[in-house]
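S.K.: Whatever this is, show me its structure:
(one chain, ligands or ions: 1)
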Amino acid sequence: MIPRYKDIIELVKKGATVEAQEKILELREAALELQEENMQLKEELSKLKQVINKKENMVYHAPFYWIEDEDSKDGPFCQNCFDSVGKSIRLQKNDNDCWNCLNCNKSYTGPNFKEHNIEELGIGIGMNNIFEDYI
Ligand SMILES: [Zn+2]
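M.R.: The predicted model follows:
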């Protein structure tokens with residue numbers, strides 16, 4: 001418990017200077033602890049303000065979330081993680097505009113995703129050539 005200023009004054013008045021000094025030291029120690037705690041709380045508050053700020057700028061363009069402000073656009077971020085637990089998890093890009101979340105393992109396809117078919121891969125053409133040789 002933090003010593004009260006009033007109690008220290010009482011000790012000084014009684015001439016109990018050693019006890020008063022001890023109480024003053026306790027008071028100093030408590031003040032230092034409070035200062036440290038205050039700094040930690042300020043840091044935490046600052047981080048939370050950044051998170052809130054980030055969430056306010058979170059914009060959903062299906063199927064992703066983006067962090068947008070006047071002059072920047074960051075992302076994309078996972079819709080599943082953001083809507084379920086409020087986490088902004090950056091998606092990892094794979095080939096063919098496929099995106100993957102390393103947190104929930106959900107996959108997304110972007111607007112430039114193209115479904116492959118056999119002819120595009122050249123397999124169809126190769127197969128036809130093989131059959132032509134036998135005819
Ligand atoms: Zn996710």
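S.K.: contacting residues for the closest residue to residue 5 other than its chain neighbours?
M.R.: The shortest distance from residue 5 to any non-neighbouring residue, by CB to CB, 6 or more residues apart in numbering, is to residue 27 (7.7 Å). C-beta coordinates here come from the backbone N, C-alpha and C atoms, glycine included. By CB atoms under 8 Å, 6 or more residues apart in numbering, residue 27 lies in contact with 2-3, 5, 8.
S.K.: tell me the phi and psi of residue 36?
M.R.: Main-chain dihedrals, residue 36, degrees, to the nearest 10: phi -60, psi -50.
S.K.: Which segments of this protein make up each domain?
M.R.: Listed by automatic domain parsing, the domain ranges of the chain are 5-53, 57-118.
S.K.: so which of the ones you listed comes closest to the ion?
M.R.: domain 57-118 (3.1 Å; CB to the ion).
S.K.: Quick check: residues of this structure near the ion?
M.R.: When proximity is defined by CB under 5 Å from the ion, the chain lies next to the ion at 78, 80-81, 89, 101, 103-104.
S.K.: among those residues, who's most crowded?
M.R.: residue 78 (27 neighbours; other CB atoms under 10 Å).
S.K.: ok so, going back, so the residue nearest to residue 5 is in which element?
M.R.: helix 17-56 (DSSP states H and E).
S.K.: quick one: buried residues of that helix?
M.R.: Buried residues in helix 17-56, defined by neighbour count with 16 or more other CB atoms under 10 Å: 20, 23-24, 27.
S.K.: what's the closest of those to residue 109?
M.R.: residue 27 (63.8 Å; CB to CB).
S.K.: Quick check: pLDDT value at that closest one.
M.R.: The per-residue pLDDT reported for residue 27 equals 94.
S.K.: Kindly report the same for residue 86.
M.R.: pLDDT, read off for residue 86, is 86.
S.K.: Ok, residue 54 next?
M.R.: 79.
S.K.: any idea how far the ion is from it?
M.R.: In this view, residue 54 and the ion are 16 Å apart by CB to the ion, to the nearest Å.
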